[in-house]
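Participant: need a 3D model of the sequence below.
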Amino acid sequence: MTMRELEIQFQNAMNELQASFEKQHREWQQGYQALQQQLAEAQRRETTLRMQNQQLLNKLSTASSVPEQHALVKQIKMLGAHLDALAQDAATFNRHVHNQQRAADNFSGEQH
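Facilitator: Okay, here's the model as predicted:
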């Protein structure tokens, strides 16, 4: 083999090596960019989830610390108070009716 043939083979091998390197470099860069995009998307999702988590923690903290301040709890308590008052009025009315019947029976001479 002559020196010129060796030179041509060497140049061809260097060209193939450079083409292989450039191909690997492009593939690596594409993979790197894809990973960067995935990382950025994951960070956006993480930020969104952190904000939602904080909102839920705030709601839970508020709900567990001062439940009396929630409108529904206030309405339930008010309804309970009204029912208690109605029950008390009904008991008073029943006692009054019972006492009236007893007085009428006593007046008419009946005994129990």
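Participant: alpha carbons only for contacts and neighbour counts from here, please
Facilitator: Fine.
Participant: what is the rounded mean pLDDT of the strand or helix carrying Phe93?
Facilitator: Phe93 belongs to helix 71-108 when assigned by DSSP states H and E. On average, the pLDDT along helix 71-108 is 86.
Participant: how distant is it from the center of its chain?
Facilitator: 45 Å (C-alpha atoms, centre = their mean, to the nearest Å).
Participant: quick one: buried residues of it?
Facilitator: By neighbour count, with 16 or more other C-alpha atoms under 10 Å as the criterion, helix 71-108 contains no buried position.
Participant: list the helices and strands that helix packs on?
Facilitator: Under the contact criterion of 3 or more C-alpha pairs under 8 Å, 6 or more residues apart in numbering; DSSP states H and E, helix 71-108 touches no helix or strand at all.
Participant: just give me the longest helix of this structure.
Facilitator: helix 3-65 (DSSP state H).
Participant: helices and strands around that one, which ones?
Facilitator: By 3+ C-alpha pairs under 8 Å, 6+ apart, helix 3-65 packs against no helix or strand.
Participant: could you give the separation of it from the chain centroid?
Facilitator: Using C-alpha atoms, centre = their mean, the offset of helix 3-65 from its chain centre is 30 Å.
Participant: that one - what's its average pLDDT?
Facilitator: The model assigns helix 3-65 a mean pLDDT of 93.
Participant: ok, Gln37 to Gln30 distance?
Facilitator: Separation of Gln37 from Gln30 (C-alpha to C-alpha, to the nearest Å): 11 Å.
Participant: actually Lys59, not the one I typed
Facilitator: 44 Å.
Participant: same deal with Gln52?
Facilitator: From Gln52 across to Gln30, the span is 33 Å (C-alpha to C-alpha).
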